[in-house]
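Enquirer: got a sequence here, can you build the structure:
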Amino acid sequence: MRLRHGRIELELHQRARRDGLPLLLLHALYGSSADWGEAVAVWPGSIYALDFCGHGHSDWLTGGGYCPELLVGDADAALAHIGRAAVAGAGLGAYVALLLAGTRPADVPAALLLPGAGLDGSGATPDFSRRFPTHLIGVEPPASAARHDPLVCANEMSVRPIAYAQAFAETARRLLLFEDGAPRPPWWDAARQSPVAEVFSGDLDAALRRLALASRSDECAPPPLRRMER
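Expert: This next block holds a predicted model:
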């Protein structure tokens, strides 16, 4: 289905239709909704997978630039369509999931953060040695390449401040951080210190089952005090 977000349209795929709490999937940088494969079949409710702007079958930007906060707006548009839902994000999608969970605690009972492309950004402080690849402006990728706007690489240069991530982690309801032993960026370490965060390892099936359990246990929790208006 197509969703309007500002000047562009986003592609939201419904992967399964079942009773129960829906799940919104957010892919990694340079990826698409197709990256989730069949592992998500263990989720007990309906499943939706979003293509961020500049990725998959969603529109590319004409003017402006790509940043994680813009993708949070994409995910928020999907959430407004779906309603209350658990969220799982990989790589850049994990960072977006954190920001969405902290912004919409009433709508996101739990968020699962997974490793993947774009997880780090440029770190906790600006890296002024990196230059924006202006030579990519207006360049179409070859037909054999994954379908994404080359300029989404700007997300690799975005700063992920520690205090910023910490603020969203503190307003989220539940955070599940999936770790496989690889080094994690400073924003991840800040999020894992939240009292609502749980760190674990295993496989994607186990992670999604844990997410479903965390989402159900949250149904008895009191409503959050803070919510930002759309």
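
Enquirer: every contact and neighbour count from this point should use C-alpha atoms.
Expert: Fine.

Enquirer: now the helices for this structure?
Expert: Ranges of helices in the chain, per DSSP state H, are 68-82, 92-103, 162-171, 186-192, 204-217.

Enquirer: identify each buried residue in the last one, please.
Expert: Taking 16 or more other Cα atoms under 10 Å as the basis for neighbour counts, the residues of helix 204-217 that come out buried are Ala207, Leu208, Arg210, Leu211, Ala212, Ala214, Ser215, Arg216.

Enquirer: who are the packing partners of it?
Expert: strand 86-90, strand 111-114 (3 or more Cα pairs under 8 Å, 6 or more residues apart in numbering; DSSP states H and E).

Enquirer: identify all contacting residues around that helix.
Expert: 39-40, 42-44, 86, 109-112, 174, 176, 178, 201 (Cα atoms under 8 Å, 6 or more residues apart in numbering).

Enquirer: for Ala97, state which of the residues you listed is nearest.
Expert: Ala111 (6.4 Å; Cα to Cα).

Enquirer: for stretch 163-172, which positions count as buried?
Expert: For stretch 163-172, by 16+ other Cα under 10 Å, it's Ala165, Gln166, Ala167, Phe168, Ala169, Glu170, Thr171, Ala172.

Enquirer: cool, and stretch 75-90?
Expert: 75-79, 82, 84-90.

Enquirer: TSV for the residues you listed, including distance to Asn155 and pLDDT?
Expert: Listed next are the buried residues of stretch 75-90 as TSV, based on distance: Cα to Cα, whole Å; pLDDT from 0 to 100:
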residue	distance to Asn155	pLDDT
Ala75	16	98
Asp76	18	97
Ala77	20	97
Ala78	20	97
Leu79	22	97
Ile82	26	97
Arg84	27	97
Ala85	25	97
Ala86	24	98
Val87	20	98
Ala88	19	97
Gly89	15	98
Ala90	14	97
